[in-house]
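Q: I would like to see how this sequence folds:
(one chain, ligands or ions: 2)
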Amino acid sequence: MKGWMGKIRALFLLSLLSLILSGCGKENLTAFTPKGYGAEVSLNLIIISLLVMIFVFIVVMVIYTIVLVRYRQKKGQEDFVPKQTEGNKALEVIWTVIPIILLIVIAVPTVTATYDLASTDDKEDSLNVNVTGNQYWWHFNYGEQEIQTSQDLYIPVGEKVYLNMISSDVLHSFWVPSISGKMDTNPENENTMFIEAYEEGVYYGKCAELCGPSHSLMDFKVIAVSREEFDTWVEDMQNVDPEATPETASAQEGQEIFQNSCIGCHAVGSQASAVGPNVTNFGDRSMIAGVVEYSKENLIQWMLNPEEFKPGNKMTGNYSVPSPEEAEKIADYLLQLQPSEITPESATE
Ligand code: HEC
Ligand SMILES: [Cu+2]
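A: Ligands and ions are numbered 1, 2, ... in the order given. Here you go, the predicted model:
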(Lines give C-alpha, C1' and ligand atoms only; values in the text may rest on other atoms or scores of the structure.)
(Ligands and ions follow the chains in the order given, each with its own letter.)
Protein backbone atom coordinates (compact mmCIF):
# COMPACT_ATOMS: atom_id res chain seq x y z
CA MET A 1 0.00 0.00 0.00
CA LYS A 2 2.81 2.37 0.98
CA GLY A 3 4.77 1.86 -2.28
CA TRP A 4 1.61 2.56 -4.23
CA MET A 5 1.05 5.86 -2.42
CA GLY A 6 4.69 6.78 -3.05
CA LYS A 7 4.24 6.27 -6.75
CA ILE A 8 1.15 8.44 -6.83
CA ARG A 9 2.97 11.12 -4.91
CA ALA A 10 5.94 10.98 -7.29
CA LEU A 11 3.62 11.22 -10.26
CA PHE A 12 1.87 14.20 -8.70
CA LEU A 13 5.18 15.96 -8.06
CA LEU A 14 6.35 15.20 -11.59
CA SER A 15 3.25 16.64 -13.18
CA LEU A 16 3.45 19.68 -10.92
CA LEU A 17 7.10 20.15 -11.92
CA SER A 18 6.38 19.87 -15.63
CA LEU A 19 3.58 22.38 -15.20
CA ILE A 20 5.87 24.83 -13.45
CA LEU A 21 8.77 24.25 -15.86
CA SER A 22 6.54 24.72 -18.89
CA GLY A 23 6.02 28.26 -17.64
CA CYS A 24 9.77 28.87 -17.69
CA GLY A 25 11.57 30.44 -20.58
CA LYS A 26 14.22 33.00 -21.09
CA GLU A 27 12.92 36.53 -20.76
CA ASN A 28 12.06 37.83 -24.25
CA LEU A 29 12.38 34.38 -25.81
CA THR A 30 8.91 33.07 -25.12
CA ALA A 31 5.69 33.29 -27.07
CA PHE A 32 3.72 33.23 -23.81
CA THR A 33 4.60 36.75 -22.71
CA PRO A 34 4.06 38.63 -25.98
CA LYS A 35 5.77 41.98 -26.34
CA GLY A 36 4.89 42.63 -29.94
CA TYR A 37 1.91 42.65 -32.25
CA GLY A 38 2.37 39.33 -34.08
CA ALA A 39 3.14 37.47 -30.86
CA GLU A 40 0.07 38.93 -29.15
CA VAL A 41 -2.23 37.93 -32.01
CA SER A 42 -0.72 34.43 -32.04
CA LEU A 43 -1.14 33.98 -28.30
CA ASN A 44 -4.79 35.03 -28.53
CA LEU A 45 -5.36 32.34 -31.15
CA ILE A 46 -3.64 29.76 -28.97
CA ILE A 47 -5.92 30.71 -26.07
CA ILE A 48 -9.11 30.49 -28.15
CA SER A 49 -8.13 27.05 -29.45
CA LEU A 50 -7.19 25.88 -25.96
CA LEU A 51 -10.51 27.05 -24.49
CA VAL A 52 -12.44 25.19 -27.18
CA MET A 53 -10.38 22.05 -26.59
CA ILE A 54 -10.84 22.25 -22.82
CA PHE A 55 -14.59 22.71 -23.30
CA VAL A 56 -14.79 19.62 -25.54
CA PHE A 57 -12.66 17.62 -23.12
CA ILE A 58 -14.85 18.51 -20.13
CA VAL A 59 -18.13 17.74 -21.95
CA VAL A 60 -16.83 14.38 -23.16
CA MET A 61 -15.52 13.47 -19.71
CA VAL A 62 -18.80 14.41 -17.99
CA ILE A 63 -20.88 12.33 -20.44
CA TYR A 64 -18.40 9.48 -20.14
CA THR A 65 -18.63 9.48 -16.35
CA ILE A 66 -22.44 9.65 -16.33
CA VAL A 67 -22.65 6.73 -18.75
CA LEU A 68 -20.14 4.67 -16.76
CA VAL A 69 -22.01 5.17 -13.49
CA ARG A 70 -25.59 5.06 -14.66
CA TYR A 71 -25.50 2.28 -17.21
CA ARG A 72 -23.13 -0.18 -15.62
CA GLN A 73 -24.43 -3.73 -15.27
CA LYS A 74 -26.42 -4.13 -12.09
CA LYS A 75 -26.98 -7.28 -10.04
CA GLY A 76 -30.04 -9.19 -11.17
CA GLN A 77 -30.32 -7.24 -14.43
CA GLU A 78 -27.63 -9.08 -16.45
CA ASP A 79 -30.01 -9.49 -19.40
CA PHE A 80 -31.31 -5.90 -19.34
CA VAL A 81 -30.81 -4.01 -22.64
CA PRO A 82 -31.20 -0.19 -22.34
CA LYS A 83 -33.32 1.77 -24.79
CA GLN A 84 -31.55 1.95 -28.18
CA THR A 85 -31.15 5.43 -29.71
CA GLU A 86 -29.49 4.85 -33.08
CA GLY A 87 -31.00 6.94 -35.83
CA ASN A 88 -32.12 9.58 -33.32
CA LYS A 89 -32.39 12.71 -35.46
CA ALA A 90 -32.13 15.21 -32.62
CA LEU A 91 -28.90 13.63 -31.34
CA GLU A 92 -27.38 13.42 -34.83
CA VAL A 93 -28.13 17.08 -35.48
CA ILE A 94 -26.71 18.17 -32.10
CA TRP A 95 -23.40 16.40 -32.51
CA THR A 96 -22.99 17.66 -36.04
CA VAL A 97 -23.91 21.27 -35.33
CA ILE A 98 -21.90 21.73 -32.13
CA PRO A 99 -18.52 20.84 -33.74
CA ILE A 100 -19.35 23.11 -36.68
CA ILE A 101 -19.98 26.00 -34.30
CA LEU A 102 -16.76 25.23 -32.44
CA LEU A 103 -14.80 25.19 -35.70
CA ILE A 104 -16.30 28.53 -36.69
CA VAL A 105 -15.30 29.93 -33.30
CA ILE A 106 -11.70 28.94 -34.10
CA ALA A 107 -11.74 29.67 -37.83
CA VAL A 108 -13.04 33.25 -37.87
CA PRO A 109 -10.32 34.76 -35.65
CA THR A 110 -7.65 32.56 -37.27
CA VAL A 111 -8.47 33.63 -40.81
CA THR A 112 -8.85 37.27 -39.75
CA ALA A 113 -5.47 37.19 -38.01
CA THR A 114 -3.83 35.50 -41.00
CA TYR A 115 -4.94 38.28 -43.34
CA ASP A 116 -4.13 40.95 -40.77
CA LEU A 117 -0.56 39.70 -40.26
CA ALA A 118 0.00 39.22 -44.01
CA SER A 119 -1.14 42.71 -44.94
CA THR A 120 1.48 45.02 -46.45
CA ASP A 121 -0.73 48.11 -46.71
CA ASP A 122 1.64 50.61 -45.16
CA LYS A 123 4.86 48.99 -46.35
CA GLU A 124 5.87 51.99 -48.43
CA ASP A 125 5.59 54.39 -45.48
CA SER A 126 7.43 52.15 -43.02
CA LEU A 127 10.99 51.20 -42.30
CA ASN A 128 12.02 48.33 -44.59
CA VAL A 129 14.89 45.98 -43.85
CA ASN A 130 16.13 43.32 -46.23
CA VAL A 131 16.86 40.18 -44.25
CA THR A 132 19.04 37.36 -45.52
CA GLY A 133 19.26 34.00 -43.81
CA ASN A 134 22.64 32.30 -44.21
CA GLN A 135 24.04 29.09 -42.79
CA TYR A 136 24.29 30.02 -39.75
CA TRP A 137 23.86 33.75 -39.33
CA TRP A 138 21.51 36.58 -40.29
CA HIS A 139 22.21 39.65 -42.36
CA PHE A 140 20.27 42.92 -42.25
CA ASN A 141 20.41 45.46 -45.04
CA TYR A 142 18.71 48.83 -44.45
CA GLY A 143 18.42 49.74 -48.13
CA GLU A 144 17.13 53.27 -47.84
CA GLN A 145 19.51 54.16 -45.01
CA GLU A 146 22.41 52.44 -46.78
CA ILE A 147 23.42 50.51 -43.71
CA GLN A 148 24.42 46.88 -43.54
CA THR A 149 24.78 44.88 -40.39
CA SER A 150 24.67 41.29 -39.24
CA GLN A 151 23.48 39.42 -36.12
CA ASP A 152 21.72 42.38 -34.42
CA LEU A 153 18.60 43.92 -35.95
CA TYR A 154 17.93 47.43 -34.61
CA ILE A 155 14.34 48.67 -34.88
CA PRO A 156 12.37 51.64 -33.55
CA VAL A 157 9.88 50.62 -30.84
CA GLY A 158 6.12 50.92 -31.45
CA GLU A 159 6.44 51.07 -35.23
CA LYS A 160 5.76 48.52 -37.91
CA VAL A 161 9.00 47.41 -39.53
CA TYR A 162 8.73 45.46 -42.76
CA LEU A 163 11.20 42.65 -43.29
CA ASN A 164 11.80 41.48 -46.85
CA MET A 165 13.31 38.08 -46.41
CA ILE A 166 15.37 35.80 -48.58
CA SER A 167 17.93 33.03 -48.09
CA SER A 168 21.37 32.79 -49.65
CA ASP A 169 21.48 29.01 -49.41
CA VAL A 170 18.88 26.66 -47.89
CA LEU A 171 15.53 27.23 -46.17
CA HIS A 172 15.65 29.10 -42.88
CA SER A 173 12.89 30.54 -40.76
CA PHE A 174 13.00 33.88 -39.00
CA TRP A 175 11.42 33.72 -35.55
CA VAL A 176 11.44 36.17 -32.65
CA PRO A 177 8.92 34.39 -30.39
CA SER A 178 8.14 37.25 -28.04
CA ILE A 179 7.35 39.79 -30.78
CA SER A 180 6.27 37.95 -33.91
CA GLY A 181 5.30 34.77 -35.67
CA LYS A 182 7.62 32.84 -37.98
CA MET A 183 8.45 33.51 -41.60
CA ASP A 184 10.42 31.20 -43.88
CA THR A 185 13.30 32.57 -45.88
CA ASN A 186 13.51 30.86 -49.28
CA PRO A 187 16.34 31.03 -51.80
CA GLU A 188 13.98 31.65 -54.75
CA ASN A 189 11.51 34.26 -53.61
CA GLU A 190 11.14 37.09 -51.18
CA ASN A 191 8.74 36.78 -48.24
CA THR A 192 7.53 39.82 -46.37
CA MET A 193 6.48 40.10 -42.75
CA PHE A 194 6.16 43.06 -40.44
CA ILE A 195 7.23 43.11 -36.82
CA GLU A 196 6.33 45.58 -34.13
CA ALA A 197 7.77 45.65 -30.63
CA TYR A 198 5.71 47.25 -27.85
CA GLU A 199 8.56 47.78 -25.40
CA GLU A 200 12.19 48.75 -25.71
CA GLY A 201 14.57 45.91 -25.10
CA VAL A 202 16.51 43.03 -26.55
CA TYR A 203 14.48 40.20 -28.05
CA TYR A 204 16.00 36.85 -28.89
CA GLY A 205 15.54 35.29 -32.30
CA LYS A 206 16.02 31.74 -33.55
CA CYS A 207 16.15 29.98 -36.88
CA ALA A 208 13.04 27.79 -36.86
CA GLU A 209 13.75 25.61 -39.90
CA LEU A 210 16.33 22.81 -39.71
CA CYS A 211 19.14 24.07 -41.97
CA GLY A 212 22.25 22.08 -41.08
CA PRO A 213 24.49 21.00 -38.19
CA SER A 214 24.58 24.45 -36.56
CA HIS A 215 20.89 25.20 -37.07
CA SER A 216 20.25 25.42 -33.34
CA LEU A 217 23.10 27.95 -33.05
CA MET A 218 21.66 30.34 -35.64
CA ASP A 219 20.64 32.91 -33.06
CA PHE A 220 20.14 36.62 -33.49
CA LYS A 221 18.78 39.61 -31.63
CA VAL A 222 16.20 42.26 -32.26
CA ILE A 223 17.07 45.45 -30.42
CA ALA A 224 14.09 47.74 -30.03
CA VAL A 225 14.96 51.32 -29.09
CA SER A 226 13.11 54.63 -29.08
CA ARG A 227 12.72 56.39 -32.43
CA GLU A 228 15.26 58.97 -31.30
CA GLU A 229 17.84 56.39 -30.37
CA PHE A 230 17.19 54.55 -33.60
CA ASP A 231 17.88 57.68 -35.65
CA THR A 232 21.09 58.22 -33.67
CA TRP A 233 22.13 54.64 -34.36
CA VAL A 234 21.44 55.05 -38.07
CA GLU A 235 23.51 58.22 -38.19
CA ASP A 236 26.37 56.60 -36.26
CA MET A 237 26.37 53.65 -38.63
CA GLN A 238 26.27 55.90 -41.68
CA ASN A 239 29.23 57.87 -40.40
CA VAL A 240 31.51 54.85 -40.10
CA ASP A 241 34.70 55.20 -42.07
CA PRO A 242 35.80 51.67 -42.91
CA GLU A 243 39.36 52.87 -43.46
CA ALA A 244 39.64 54.76 -40.16
CA THR A 245 42.93 54.13 -38.38
CA PRO A 246 42.57 52.52 -34.95
CA GLU A 247 44.30 54.09 -31.96
CA THR A 248 46.59 51.36 -30.75
CA ALA A 249 49.49 49.89 -32.71
CA SER A 250 48.21 46.38 -32.13
CA ALA A 251 44.77 47.22 -33.55
CA GLN A 252 46.41 48.93 -36.51
CA GLU A 253 48.34 45.77 -37.31
CA GLY A 254 45.16 43.80 -36.81
CA GLN A 255 43.37 46.02 -39.28
CA GLU A 256 46.04 45.40 -41.85
CA ILE A 257 45.82 41.63 -41.47
CA PHE A 258 42.03 41.82 -41.56
CA GLN A 259 42.05 43.93 -44.73
CA ASN A 260 44.40 41.49 -46.42
CA SER A 261 43.07 38.17 -45.28
CA CYS A 262 39.48 38.40 -44.03
CA ILE A 263 37.85 41.16 -46.05
CA GLY A 264 37.14 38.80 -48.95
CA CYS A 265 34.28 37.41 -46.90
CA HIS A 266 33.66 40.03 -44.22
CA ALA A 267 32.86 43.71 -44.64
CA VAL A 268 33.20 46.86 -42.57
CA GLY A 269 30.96 49.76 -43.52
CA SER A 270 28.00 49.86 -45.82
CA GLN A 271 29.18 47.55 -48.58
CA ALA A 272 27.67 44.09 -48.80
CA SER A 273 29.83 41.30 -47.49
CA ALA A 274 30.17 38.34 -49.77
CA VAL A 275 30.19 35.27 -47.57
CA GLY A 276 30.42 36.22 -43.89
CA PRO A 277 28.86 38.64 -41.43
CA ASN A 278 29.34 42.40 -41.71
CA VAL A 279 31.39 43.49 -38.68
CA THR A 280 30.90 47.29 -38.82
CA ASN A 281 29.71 47.41 -35.20
CA PHE A 282 31.40 44.25 -33.94
CA GLY A 283 32.60 46.07 -30.81
CA ASP A 284 29.01 46.96 -29.92
CA ARG A 285 27.80 43.35 -30.04
CA SER A 286 27.14 41.17 -27.02
CA MET A 287 27.83 37.81 -28.69
CA ILE A 288 30.32 36.37 -31.15
CA ALA A 289 28.71 34.67 -34.16
CA GLY A 290 25.34 35.01 -32.42
CA VAL A 291 25.95 32.38 -29.75
CA VAL A 292 29.48 32.54 -28.34
CA GLU A 293 30.04 34.44 -25.10
CA TYR A 294 31.59 37.80 -25.89
CA SER A 295 35.20 37.93 -24.73
CA LYS A 296 38.59 38.55 -26.28
CA GLU A 297 39.68 34.97 -25.48
CA ASN A 298 36.67 33.51 -27.27
CA LEU A 299 37.15 35.85 -30.21
CA ILE A 300 40.76 34.72 -30.61
CA GLN A 301 39.67 31.11 -30.24
CA TRP A 302 36.99 31.64 -32.91
CA MET A 303 39.63 32.87 -35.38
CA LEU A 304 41.86 29.89 -34.60
CA ASN A 305 39.11 27.27 -34.77
CA PRO A 306 35.53 28.36 -35.55
CA GLU A 307 34.50 24.72 -35.98
CA GLU A 308 34.74 24.26 -32.22
CA PHE A 309 31.86 26.72 -31.75
CA LYS A 310 29.71 26.17 -34.83
CA PRO A 311 30.09 22.82 -36.58
CA GLY A 312 29.76 23.02 -40.35
CA ASN A 313 30.04 26.81 -40.54
CA LYS A 314 31.20 28.32 -43.85
CA MET A 315 34.34 29.98 -42.46
CA THR A 316 36.05 26.76 -41.35
CA GLY A 317 38.59 25.58 -43.91
CA ASN A 318 38.03 28.57 -46.21
CA TYR A 319 40.38 31.15 -44.71
CA SER A 320 44.04 31.38 -43.83
CA VAL A 321 44.19 30.69 -40.10
CA PRO A 322 46.09 33.47 -38.32
CA SER A 323 48.79 32.75 -35.74
CA PRO A 324 47.71 33.30 -32.11
CA GLU A 325 49.69 36.58 -32.11
CA GLU A 326 47.99 37.76 -35.29
CA ALA A 327 44.61 36.69 -33.94
CA GLU A 328 45.14 38.81 -30.84
CA LYS A 329 45.90 41.85 -32.99
CA ILE A 330 42.84 41.24 -35.16
CA ALA A 331 40.79 40.92 -31.97
CA ASP A 332 42.11 44.30 -30.80
CA TYR A 333 41.01 45.72 -34.12
CA LEU A 334 37.53 44.14 -34.15
CA LEU A 335 36.75 44.98 -30.52
CA GLN A 336 37.35 48.71 -31.08
CA LEU A 337 34.77 48.85 -33.91
CA GLN A 338 32.26 50.66 -31.70
CA PRO A 339 30.47 53.27 -33.77
CA SER A 340 27.46 53.84 -31.53
CA GLU A 341 26.35 54.45 -27.96
CA ILE A 342 23.20 52.55 -28.85
CA THR A 343 23.96 48.92 -28.09
CA PRO A 344 22.18 45.82 -26.74
CA GLU A 345 23.40 46.90 -23.28
CA SER A 346 22.00 50.41 -23.58
CA ALA A 347 18.68 49.01 -24.82
CA THR A 348 18.15 46.92 -21.68
CA GLU A 349 18.91 49.72 -19.24
C1 HEC B 1 35.51 32.07 -46.64
C2 HEC B 1 34.94 33.24 -46.06
C3 HEC B 1 35.53 33.74 -44.74
C4 HEC B 1 36.81 34.18 -44.51
C5 HEC B 1 37.97 34.30 -45.47
C6 HEC B 1 36.81 34.59 -43.12
N7 HEC B 1 35.59 34.40 -42.56
FE8 HEC B 1 35.03 34.89 -40.69
N9 HEC B 1 33.18 34.16 -41.00
C10 HEC B 1 32.74 33.61 -42.19
C11 HEC B 1 31.40 33.12 -42.01
C12 HEC B 1 30.56 32.43 -43.06
C13 HEC B 1 31.04 33.43 -40.69
C14 HEC B 1 29.69 33.12 -40.01
C15 HEC B 1 29.83 31.80 -39.33
C16 HEC B 1 28.53 31.38 -38.67
O17 HEC B 1 28.10 32.07 -37.74
O18 HEC B 1 27.98 30.37 -39.09
C19 HEC B 1 32.16 34.08 -40.09
C20 HEC B 1 32.17 34.60 -38.79
C21 HEC B 1 33.20 35.32 -38.26
C22 HEC B 1 33.16 36.02 -37.02
C23 HEC B 1 31.92 36.19 -36.14
C24 HEC B 1 31.21 37.39 -36.70
C25 HEC B 1 30.02 37.90 -35.96
O26 HEC B 1 29.21 38.59 -36.57
O27 HEC B 1 29.87 37.65 -34.76
C28 HEC B 1 34.36 36.59 -36.83
C29 HEC B 1 34.79 37.45 -35.67
C30 HEC B 1 35.18 36.23 -37.96
N31 HEC B 1 34.44 35.47 -38.82
C32 HEC B 1 36.50 36.62 -38.11
C33 HEC B 1 37.26 36.35 -39.24
C34 HEC B 1 38.62 36.74 -39.37
C35 HEC B 1 39.42 37.49 -38.34
C36 HEC B 1 39.04 36.30 -40.61
C37 HEC B 1 40.40 36.46 -41.24
C38 HEC B 1 41.48 35.88 -40.52
C39 HEC B 1 37.89 35.66 -41.23
N40 HEC B 1 36.86 35.69 -40.37
C41 HEC B 1 37.93 35.13 -42.50
C42 HEC B 1 33.46 33.51 -43.36
C43 HEC B 1 34.78 33.87 -43.51
CU1 LIG C 1 18.77 28.37 -40.40
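
Q: report the secondary structure state of the residue lying farthest from the centre of the chain.
A: Most distant from the centre of the chain: Gly76, at 64.7 Å, with distances by Cα atoms, centre = their mean. Using DSSP: H, G, I helix; E, B strand; the rest coil, the structure places Gly76 in coil.

Q: phi, psi of it?
A: Backbone torsions for Gly76, taken as degrees, to the nearest 10, come to phi 80, psi 0.

Q: ok, it to Pro82 distance?
A: Using Cβ to Cβ, to the nearest Å, Gly76 is found at 15 Å from Pro82. Every residue, glycine included, has its C-beta placed from N, CA and C.

Q: on the three-state scheme, Pro311 is what?
A: Once three-state DSSP is applied, Pro311 turns out coil.

Q: ok, it touching His215?
A: No: counting by Cβ atoms under 8 Å, Pro311 sits too far from His215 to count as a contact (10.3 Å).

Q: more neighbours: those two, which one.
A: His215 (18 against 13; other Cβ atoms under 10 Å).

Q: quick check: that one touching Cys207?
A: Yes: between His215 and Cys207 there is a contact at 5.8 Å, judged by Cβ under 8 Å.

Q: who touches both of those two?
A: Common neighbours of His215 and Cys207 are listed as Tyr136 (criterion: Cβ atoms under 8 Å, 6 or more residues apart in numbering).

Q: separation between Leu334 and ligand 1?
A: Leu334 sits 6 Å away from ligand 1, going by Cβ to the nearest ligand atom, to the nearest Å.

Q: just to check, that residue is in contact with Asn281?
A: No: Leu334 lies out of contact with Asn281 (Cβ under 8 Å); the separation is 10.4 Å.

Q: buried set for stretch 191-200?
A: Under the neighbour-count criterion of 16 or more other Cβ atoms under 10 Å, stretch 191-200 has Asn191, Met193, Phe194, Ile195, Glu196, Ala197, Tyr198, Glu200 buried.

Q: figure out how far that stretch is from the centre of its chain.
A: Relative to its parent chain, stretch 191-200 has a centroid offset of 12 Å by Cα atoms, centre = their mean, to the nearest Å.

Q: now do it, average pLDDT.
A: The predicted model assigns stretch 191-200 a mean pLDDT of 97.

Q: so the closest residue to Asn130 other than its chain neighbours: helix, strand or coil?
A: Leaving aside its chain neighbours, Asn130 sits nearest to Asn141 (4.2 Å; criterion: Cβ to Cβ, 6 or more residues apart in numbering). Secondary structure of Asn141, reduced to three states by three-state DSSP: strand.

Q: near Asn141, how many other residues are there?
A: So Asn141, with other Cβ under 10 Å, has 19 neighbours.

Q: that one: what's it in contact with?
A: Contacts of Asn141 by Cβ under 8 Å, 6+ apart are Val129, Asn130, Val131, Thr132, Ile147, Gln148, Ala272.

Q: show me what His172 is bridged to.
A: Thr185 (DSSP bridges).

Q: tell me how far it lies from Ser214.
A: 12 Å.

Q: so for these two, which sits in the more crowded spot?
A: Using other Cβ under 10 Å, the more surrounded residue of His172 and Ser214 is His172, with 30 against 21.

Q: hmm, Glu209 and that one touching each other?
A: Yes: counting by Cβ under 8 Å, His172 does reach Glu209; the two are 5.3 Å apart.

Q: what touches both of those two?
A: Common neighbours of His172 and Glu209 (Cβ under 8 Å, 6+ apart) are Asp184.

Q: near ligand 2, which residues of the stretch 151-300 of the chain show up?
A: Counting by Cβ under 5 Å from the ion, the stretch 151-300 of the chain comes close to ligand 2 at His172, Cys207, Cys211, Met218.

Q: the residue nearest to the second one when sequence neighbours are not counted: what's it in contact with?
A: For Cys207, ignoring the flanking residues on the chain, the nearest one in space by Cβ to Cβ, 6+ apart is Met218 at 3.7 Å. Met218 makes contacts with Gly133, Gln135, Tyr136, Trp137, Trp138, His172, Lys206, Cys207, Cys211, Gly290, as judged by Cβ under 8 Å, 6+ apart.

Q: can you tell me which of these are in strands?
A: Members of the contacts of Met218 lying in strands (criterion: DSSP state E): Gly133, Trp137, Trp138, His172, Lys206, Cys207.

Q: kindly reformat the residues you listed as JSON lines containing distance to ligand 1 and pLDDT.
A: As requested, the ones in strands among the contacts of Met218 are arranged in JSON lines below (distance: Cβ to the nearest ligand atom, whole Å; pLDDT from 0 to 100):
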{"residue": "Gly133", "distance to ligand 1": "11", "pLDDT": "97"}
{"residue": "Trp137", "distance to ligand 1": "4", "pLDDT": "97"}
{"residue": "Trp138", "distance to ligand 1": "9", "pLDDT": "97"}
{"residue": "His172", "distance to ligand 1": "12", "pLDDT": "98"}
{"residue": "Lys206", "distance to ligand 1": "14", "pLDDT": "96"}
{"residue": "Cys207", "distance to ligand 1": "11", "pLDDT": "97"}
